[in-house]
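# please find the sequence and the predicted model below.
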Protein chains: 2
Amino acid sequence: MKVNLMHGAGGAVFSELLGETLTRYTNNNAGGIGLEALDDGAVIPLGDTNLVFTTDSHVVKPLFFPGGDIGRIAVSGTVNDLAMMGARPIALSCAMIIEEGFDIPTLERIVASMDAALGECGAAIVTGDTKVLEKGAIDGIAINTAGVGVTEKPVRDCGLQPGDVIIVSGTIGDHGMAIMTHREGFDLGEQIASDVAPLWPLVKAALAAGDIHAMKDPTRGGFSNAINEMAEKSGVQVRITEEDLPIRRSVRSASELLGINPLDVANEGKVVMGVAPEDAQAVLAAIRSHPQGRDAAIIGVVKEGKSVILETPIGGERFIEPPIGDPVPRVC
Amino acid sequence: MKVNLMHGAGGAVFSELLGETLTRYTNNNAGGIGLEALDDGAVIPLGDTNLVFTTDSHVVKPLFFPGGDIGRIAVSGTVNDLAMMGARPIALSCAMIIEEGFDIPTLERIVASMDAALGECGAAIVTGDTKVLEKGAIDGIAINTAGVGVTEKPVRDCGLQPGDVIIVSGTIGDHGMAIMTHREGFDLGEQIASDVAPLWPLVKAALAAGDIHAMKDPTRGGFSNAINEMAEKSGVQVRITEEDLPIRRSVRSASELLGINPLDVANEGKVVMGVAPEDAQAVLAAIRSHPQGRDAAIIGVVKEGKSVILETPIGGERFIEPPIGDPVPRVC
Ligand SMILES: Nc1ncnc2c1ncn2[C@@H]1O[C@H](COP(=O)(O)OP(=O)(O)OP(=O)(O)O)[C@@H](O)[C@H]1O
Ligand SMILES: Nc1ncnc2c1ncn2[C@@H]1O[C@H](COP(=O)(O)OP(=O)(O)OP(=O)(O)O)[C@@H](O)[C@H]1O
Ligand SMILES: [Mg+2]
Ligand SMILES: [Mg+2]
Ligand SMILES: [Mg+2]
Ligand SMILES: [Mg+2]
Ligand SMILES: [Mg+2]
Ligand SMILES: [Mg+2]
């Protein structure tokens, strides 16, 4: 049995590899929420607070794209997984694997972009590692960041409760569609830009505004994958109202042209959350008051049961299912 | 200007890239010892303890070699950088970048090896990430681990004081020479085995036995690089007695055949430390009582001044200098 590209796409095939091989550690928990939870990060009780710990590698191609670059994703991806656990990001590591012959001024631009993203969320890169591989052994550069943060009260991806309101912090599908249209050289009039951004300031405001029961960042596998994981892990049904889903017109057009569902592609600056109904308006207002949250919307509700169901404007219903794999590799 | 293989070798050329490009963050410190120190890990005061945070990626070739494999290095490398800061390892992240077509049973062996190494030092893998790249975009697999640990009293690499005694925990050059002779297919009668191992249990015993002023693991760039960094950062001179350096006979033979100085190649299960003279015997005894420390030795002393000087058996002196780059890429 061999690894294939679907295994890295964050969908159902990936879950198989994850469950059967990659998470088979007997040493998988350091006292709090460990690997067994497969949440956005791990939680380790430490003194009178909780340490949150997470990691992501980035191999996006091309390195620079409309709205961002590999450096901005490398910082945002890890900061966002910390934020999804309710944690304030404190420090990141940065490990680069670089191909011989890589351009040093390009490296400088990447470092500057990482630094700018750190500045947006109050985190710092405090440790790192660099490996250089012979030409041909790695395609350009891969950047891993791990991150540590703290939280008084961890938020899980499995905390949805019947009655909760589902909020998304903005338009869906921007990052994946930005990469794909850019790669294909599509001219859609308006160039779609990635949403890549560190979400901690927005999430911090949301946490202060009300009781958030569950959060997840809809990265690989997109909104479809994130909401299904949340529903399944929480043991609930989620009902999404199609007409309330915020999707840019340009993203809709591109997705029709490419035959790709915008709900299935990666976002790099969005959060999906389940909120106590009495707090939903306050949380929504807090998110909307943040520049990255202007298009935030209430898009559904949580019921008893299972599955994620999309209610269409003409009264129809269909399942939102996790994609098998991502349509295109190396979007992040 | 382009990145070249020397840039990844951990020697003088690497230091240039590090200082001029890779560490140019304004956001580089989270309150304690940050990136500016370029120590084995960063330290972040947290409540009434100190969090230590570090990372290393591993790209060793071949994946399995005498004495170890990429999984064992991936755990040991990070655990050892935590241990060098005086920290008990708590949790590791594991981020894998895998080439399409990679063999899943091989992946299972690697995971099992990581798990075994975790068991040797009481750490756990609690979070991870997986990216799969198209065939040809990465040579097999790269594994990054980051690690968090805690310490009451951080140990630095810059803490050497005149009068200190230099101790090394065992034979020098084993890992690098094991990889090189294995790659070259040399038959030296006895196959040299890598020393790769998580050092925390040994370091813990040493810390309990006496006052350790400085520690560093002599990985890329070998003993030569580590001792020079320690001396330079501490603003002292180190004098090493050549005949006291523990080097296996097989490593000596191989190094003569290959024309490579065993002091310049990577170790993956050794620590170099500076110890208060009155505690030297107690610390040495504690290290020797550990299976990985049986060949530990006192190898030198710290003086006022600068440079690292090797005293030869016939009364000569020469400098031990940091290698420009490692003799061979992808040893770790
Ligand atoms: N190689 C691995 N070893 C251990 N755990 C892993 C590994 N790969 C993924 N995981 C774990 O599996 C879960 C899912 O990982 P995934 O990377 O999909 O999450 P994510 O970071 O939230 O998503 P994305 O990477 O798309 O941003 C997480 O809990 C993660 O810690
Ligand atoms: N890409 C990078 N970004 C930020 N800091 C880095 C980067 N690469 C290395 N560093 C920092 O530079 C210093 C030296 O790194 P290096 O990897 O040589 O240390 P090490 O892990 O102790 O050695 P080895 O990797 O050989 O085990 C460390 O303080 C490390 O945190
Ligand atoms: Mg996530
Ligand atoms: Mg992530
Ligand atoms: Mg390193
Ligand atoms: Mg080190
Ligand atoms: Mg190291
Ligand atoms: Mg991930």
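Received, thanks. Ligands and ions are numbered 1, 2, ... in the order given.
# roughly how far apart are the residue in the stretch 201-332 of chain A that ligand 2 sits nearest to and A:Ala9?
For the stretch 201-332 of chain A and ligand 2, the shortest gap (CB to the nearest ligand atom) falls at A:Cys332, measuring 19.1 Å. Just so you know, the C-beta spots here come from the backbone N, C-alpha and C atoms, and that holds for glycine as well. For A:Cys332, the distance to A:Ala9 (CB to CB, to the nearest Å) stands at 11 Å.
# overlap of the contact sets of the two?
Common neighbours of A:Cys332 and A:Ala9 (criterion: CB atoms under 8 Å, 6 or more residues apart in numbering or on different chains): A:Arg220.
# and the stretch 51-200 of chain A, which residues reach ligand 2?
Listed as neighbours of ligand 2 in the stretch 51-200 of chain A under the rule CB under 6 Å from any ligand atom: A:Cys94, A:Met96, A:Ile125, A:Thr127, A:Gly128, A:Asp129, A:Thr130.
# go with 5 Å
A:Cys94, A:Met96, A:Thr127, A:Gly128, A:Asp129, A:Thr130 (CB under 5 Å from any ligand atom).
# which strand or helix spans the fifth one?
Which is A:Asp129. strand A:124-133 (DSSP states H and E).
# list the helices and strands that strand packs on?
strand A:88-99, helix A:104-121, strand B:42-46, strand B:49-58 (3 or more CB pairs under 8 Å, 6 or more residues apart in numbering or on different chains; DSSP states H and E).
# can I get these in JSON lines including distance to A:Ala197?
What follows is those, written out as JSON lines (distance: least, CB to CB, whole Å):
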{"stretch": "strand A:88-99", "distance to A:Ala197": "13"}
{"stretch": "helix A:104-121", "distance to A:Ala197": "7"}
{"stretch": "strand B:42-46", "distance to A:Ala197": "24"}
{"stretch": "strand B:49-58", "distance to A:Ala197": "23"}
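# of all the ones you listed, which one is nearest A:Gly163?
Nearest to A:Gly163 among those is strand A:88-99; the distance by CB to CB comes to 28.4 Å.
# who does the closest one pair up with?
Strand A:88-99 has the following strand partners under DSSP bridges: strand A:124-133 (parallel), strand A:141-151 (antiparallel).
# show me where the stretch 101-250 of chain A has strands.
Here the stretch 101-250 of chain A has its strands, by DSSP state E, counting those that start in this stretch, at A:124-133, A:141-151, A:165-168, A:212-216, A:237-241.
# alpha carbons of the last one, in CSV - could you do that?
Coordinates of each C-alpha in strand A:237-241 appear next as CSV, following Å, rounded to 0.1, in the frame of the first residue of the first chain:
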residue,chain,number,x,y,z
GLN,A,237,-27.0,17.3,13.2
VAL,A,238,-26.2,20.6,11.6
ARG,A,239,-28.7,22.3,9.2
ILE,A,240,-27.2,25.0,6.9
THR,A,241,-29.4,27.5,5.0
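# partner strands of it, with direction?
Here strand A:237-241 is paired, per DSSP bridges, with strand A:297-303 (antiparallel), strand A:308-311 (parallel).
# got the angle between the longest one and strand A:212-216?
Same thing as strand A:297-303. 110 degrees (axes from the mean of the first three to the mean of the last three CA atoms, to 10 degrees).
# and strand A:297-303, how far from the chain's centre?
19 Å (CA atoms, centre = their mean, to the nearest Å).
# show the average pLDDT along that strand.
Average pLDDT, strand A:297-303: 98.
# got a list of contacts for that strand?
Contacts of strand A:297-303 (CB under 8 Å, 6+ apart): A:160-168, A:231, A:234, A:236-241, A:244-246, A:274, A:280, A:284.
# now for the closest residue to A:Gly173 other than its chain neighbours: which residues touch it?
Spatial nearest neighbour of A:Gly173, chain neighbours left out: A:Pro262 (3.1 Å); criterion: CB to CB, 6 or more residues apart in numbering or on different chains. Taking CB under 8 Å, 6+ apart, we find A:Pro262 in contact with A:Ile172, A:Gly173, A:Gly176, A:Met177, A:Gly222, A:Ile247, A:Val251, A:Arg252, A:Ser255.
# again, but for A:Leu5
Contacts of A:Leu5 (CB under 8 Å, 6+ apart): A:Gly325, A:Pro329, B:Glu100, B:Val132, B:Glu134.
# pretty sure the fourth one contacts A:Gly10?
Read it as B:Val132. No: using CB atoms under 8 Å, B:Val132 is not in contact with A:Gly10; the gap is 10.2 Å.
# give the contact list for A:Ser194.
Contacts for A:Ser194 were tallied using CB under 8 Å, 6+ apart; they are A:Phe65, A:Pro66, A:Gly67, A:Gly68, A:Asp174, A:His175, A:Ala178, A:Ile179, A:Glu268, A:Gly269.
# among the residues you listed, which ones are buried?
The neighbour-count test (16 or more other CB atoms under 10 Å in any protein chain shown) marks A:Phe65, A:Gly67, A:Gly68, A:Asp174, A:His175, A:Ala178, A:Ile179, A:Glu268, A:Gly269 as buried among the contacts of A:Ser194.
# turn those into CSV, including pLDDT and distance to chain B.
Putting the buried ones among the contacts of A:Ser194 into CSV (pLDDT from 0 to 100; distance: CB to the nearest CB, whole Å) gives the following:
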residue, pLDDT, distance to chain B
A:Phe65, 96, 17
A:Gly67, 97, 21
A:Gly68, 98, 17
A:Asp174, 97, 21
A:His175, 97, 16
A:Ala178, 96, 19
A:Ile179, 95, 15
A:Glu268, 98, 14
A:Gly269, 98, 18
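# from those, which is closest to ligand 2?
Using CB to the nearest ligand atom, the buried ones among the contacts of A:Ser194 come closest to ligand 2 at A:Gly68, 19.3 Å.
# count of neighbours near the closest residue to the closest one other than its chain neighbours?
In this structure, A:Gly68 finds its nearest non-sequential neighbour in A:Val196, 3.9 Å apart by CB to CB, 6+ apart. For A:Val196, the neighbour count with other CB atoms under 10 Å in any protein chain shown is 28.
# so which bits of the stretch 151-300 of chain A are right by ligand 4?
A:Thr219 (CB under 5 Å from the ion).
# residues near whatever residue of chain A ends up closest to ligand 8, how many?
The nearest approach of chain A to ligand 8 comes at A:Asp56, 4.3 Å away (CB to the ion). The burial count assigned to A:Asp56 is 28, neighbours taken as other CB under 10 Å.
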